[in-house]
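J.: please work out how this folds:
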Amino acid sequence: MRRIGLLLLICAVAAWASIFVWPVIPSTILNKFVWPIIPTSLYPVSRVHDYASRHEAFLWTKTYPEDRSELSCAQFAAKGDAAIILAFGQSNSANHEEKKTVAGMHVGNFNPANGKCYQARDPMLGATGNEGSLWPVMGEDLIANGQIKNVLIVPVGVGSAEIEDWRPATRVFFPRVERALQMLSAANLHVTEVIFQQGEVDAGMETPGDVYLSAVKEIVSALRAEGVKAPIIMAIATGCGDKQYPNMKLVRSKIAQIAEGVYLGPDFGEVVKRYKECHLFGPDAEKESSVLANEIIEIRKDSAATVAK
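T.: Model (predicted):
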């Protein structure tokens, strides 16, 4: 009885706090000291509603395909010389960079809202934000290498998303990944590479490295359970601007040991000059796009060499 009474008391306090206390506490305090120690299932209703509204607002969203050139998704289905890249994480995986770019007709943007393919141009369909992204330039860099003829980007990133938001168990933003995979499957398309770019938020929150790595393991396991066999590039940032954080340096040192097929990507935290807080100016965005493209090419080369042995 005492346990039941204590549980009811905790629920009552949580309900009261969700109405009167949480709204007046600065978000920086909540992010750093409160949310990391509270199980997701006990998050106050205000936080859950905040995520629900963001999820609803940005889910396949603010996407206006009518001003895009539609492409045949069949051109991206060829095995070997095509790349279908699922990209998610926080703002630098979405549409929050300074410079908008447009790719040629061999670089596409898969829209999870309707399952159609369009010419890749910023802002990319499926991710948050209305500015520039890494993806049209990365697609062009992949094609310029000569080994890949068609590139399809599937971006579902969310600005300011924490690692906890992408943990499948929280059901916050991972449903975006599931939806994208379902729509790809319906179009007879299959992911060839995954790029996860995140870390700036959790660096500032000083999320413990072991907690972060545990969440990454869950994300990788969930992707594999969804049938994604593709290499997963983890572009984990150690910070934002001129400050790097030891918790994320620990994560980067261990990320490639998580599971087979997981690779360490570039550290966006090393970029000092930033556009609008933690985002990238045009030249830096183009540089990181090229780094990611080169990593995809190298992974493919290593995979081909392994198969040939």
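J.: where do the helices sit along the protein?
T.: 2-20, 27-29, 45-58, 135-144, 163-166, 174-186, 200-205, 209-225, 246-254, 282-308 (DSSP state H).
J.: next, the distance between the ends of stretch 135-153.
T.: 7 Å (C-alpha to C-alpha, to the nearest Å).
J.: show residues contacting that stretch.
T.: The contact list for stretch 135-153, computed with C-beta atoms under 8 Å, 6 or more residues apart in numbering, reads 73, 75-76, 78, 81-85, 87, 101-104, 106-110, 117, 120-122, 124, 155, 189, 285-286, 289-290, 292-294, 296-297, 300. C-beta: built from backbone N, CA, C; applies to glycine.
J.: do stretch 234-241 as well
T.: 89, 92, 195-200, 203-204, 216, 244-245, 248-249, 251-252, 255-256, 262-274, 277-278, 288, 292.
J.: shaky segments in this structure?
T.: Applying pLDDT under 70 to the chain picks out residues 1-66, 241, 270-276, 281-282, 304-309.
J.: now with 80?
T.: Applying pLDDT under 80 to the chain flags residues 1-67, 78-80, 171, 241-244, 268-277, 279-284, 304-309.
J.: strands paired with the longest strand anywhere in the chain, and their directions?
T.: Using DSSP state E to define each element, the chain has its longest strand at strand 82-89. The partner list of strand 82-89 in its sheet, established with DSSP bridges, is strand 150-155 (parallel), strand 193-198 (parallel).
J.: now it, how far from the centre of its chain.
T.: In terms of C-alpha atoms, centre = their mean, to the nearest Å, the centre of strand 82-89 is found 10 Å from the chain centre.
J.: same check, this time on stretch 182-196
T.: On C-alpha atoms, centre = their mean, the centre of stretch 182-196 falls 15 Å from the chain's centre.
J.: please enumerate residues in contact with it?
T.: 73, 76-77, 82-89, 93, 110, 112, 115, 117, 152, 154, 166, 181, 216, 219, 223, 228, 230-236, 265, 292, 296, 299.
J.: okay, buried residues for that stretch please.
T.: Residues of stretch 182-196 classed as buried: 183-184, 187, 189-196 (neighbour count, 16 or more other C-beta atoms under 10 Å).
J.: check stretch 219-230 too.
T.: Under the neighbour-count criterion of 16+ other C-beta under 10 Å, stretch 219-230 has 219-220, 222-223, 226, 228, 230 buried.
J.: only alpha carbons, please: show that stretch as PDB.
T.: The C-alpha trace of stretch 219-230 is given here as PDB (Å, rounded to 0.1, in the frame of the first residue of the first chain):
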ATOM      1  CA  ILE A 219      19.200   3.400 -32.900                       C
ATOM      2  CA  VAL A 220      21.600   1.000 -34.700                       C
ATOM      3  CA  SER A 221      19.700  -2.000 -33.500                       C
ATOM      4  CA  ALA A 222      16.400  -0.500 -34.500                       C
ATOM      5  CA  LEU A 223      17.700   0.300 -38.000                       C
ATOM      6  CA  ARG A 224      18.900  -3.300 -38.400                       C
ATOM      7  CA  ALA A 225      15.500  -4.600 -37.200                       C
ATOM      8  CA  GLU A 226      13.900  -2.500 -39.900                       C
ATOM      9  CA  GLY A 227      16.000  -4.400 -42.400                       C
ATOM     10  CA  VAL A 228      18.500  -1.600 -43.000                       C
ATOM     11  CA  LYS A 229      21.800  -3.500 -43.800                       C
ATOM     12  CA  ALA A 230      23.600  -0.400 -45.000                       C
END
